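Student: Okay, sequence plus prediction incoming.
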Amino acid sequence: FQADWYLETDSYLEQLDLDTVHTEFPGELDCQIVPSGPGYASENNLQVFVSLLYAARHRISITSPYFVPDGSIMNALRAATARGVEVELFVSEIGDQALVYHAQRSYYEELLTAGVRIWMYRPPYILHSKHFTIDDEVAVVGSSNMDPRSFGLNMEISMVVRGESFVRDLDEVNDYYRANSRELLPEEWAKQPLRSQLLDGLARLTSALQ
């Protein structure tokens, strides 16, 4: 909050008295806040996301309304499927941001070829949740998408949660998404018309230049 305040006002708030903040709570969850944005020396959220993807042993489940991964994310996902990790991605079948939507679609062939299962949330609704889980142990929820703007330009905040009960709760959310989605299969995607492929590729190039 202090960082956001300074970014917007160019002035510091008085130092918070952290000694008065109660930091011990009952329960089995370990949580850590990960802020990121142009005010930080490195792309904190990207580093955490990539590290967790490489740590996965059994399964990865990603929900992202704007999924435009950089090379490190794609490499981590390909490495995961290559070592036998089940990877699924939940996105919307339709988009509310045309450029990002088509840029996102340009990755579907690579993802399907790598063995990622893509679930498209049925219209007219837009799936706007932003979270992912690693195995049965770790989850990340927050404001960050998996796209260049979230990694390098926007002020984002994510919470990393370690705890099986929290992952189980998110699994139930994903079960609902899955029941209200349809799976994009490779043979369907192979029938995309050339004009759609060109539009998707152009959007991908444009988003990379922003």
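Tutor: Okay, I see it. Residues are numbered from 1 along each chain as shown.
Student: Can you tell me how far Val161 is from Val140?
Tutor: Distance, Val161 to Val140, by Cβ to Cβ, to the nearest Å: 7 Å. Using the backbone N, CA and C atoms, a C-beta is placed for each residue, glycine as well.
Student: Find residues that contact each of those two.
Tutor: By Cβ atoms under 8 Å, 6 or more residues apart in numbering, Val161 and Val140 have no common neighbours.
Student: the helices in this protein, which residues?
Tutor: Residue ranges of the helices in the chain, as given by DSSP state H, are 2-9, 44-55, 71-82, 98-105, 108-114, 148-152, 164-179, 186-189, 194-209.
Student: And the residue nearest the centre of the protein?
Tutor: In the chain, the C-alpha closest to the average C-alpha coordinate belongs to Met146, at a distance of 4.2 Å (Cα atoms, centre = their mean).
Student: Need the per-residue pLDDT for it.
Tutor: Turning to Met146, the model gives it a pLDDT of 92.
Student: wouldn't it be in contact with Phe67 here?
Tutor: Yes. Counting by Cβ atoms under 8 Å, Phe67 is a contact partner of Met146 at 5.2 Å.
Student: Throw the helices of the chain into CSV and include distance to Asp17 and mean neighbour count, thanks.
Tutor: CSV is the format used below for these (distance: least, Cβ to Cβ, whole Å; neighbours: other Cβ atoms under 10 Å):
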stretch, distance to Asp17, mean neighbour count
helix 2-9, 13, 12
helix 44-55, 26, 18
helix 71-82, 39, 17
helix 98-105, 41, 20
helix 108-114, 48, 16
helix 148-152, 32, 20
helix 164-179, 30, 14
helix 186-189, 55, 12
helix 194-209, 43, 13
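Student: Figure out which of these is closest to Ile134.
Tutor: Among the helices of the chain, the nearest to Ile134 by Cβ to Cβ is helix 44-55 (5.0 Å).
Student: next one: that closest one to chain centre, how far?
Tutor: The chain centre lies 11 Å from the centre of helix 44-55; the measure is Cα atoms, centre = their mean, to the nearest Å.
Student: hmm, back to that, pull the contacting residues for the residue nearest to the centre of the chain.
Tutor: Contacts of Met146 (Cβ under 8 Å, 6+ apart): 49, 62, 64, 66-69, 73.
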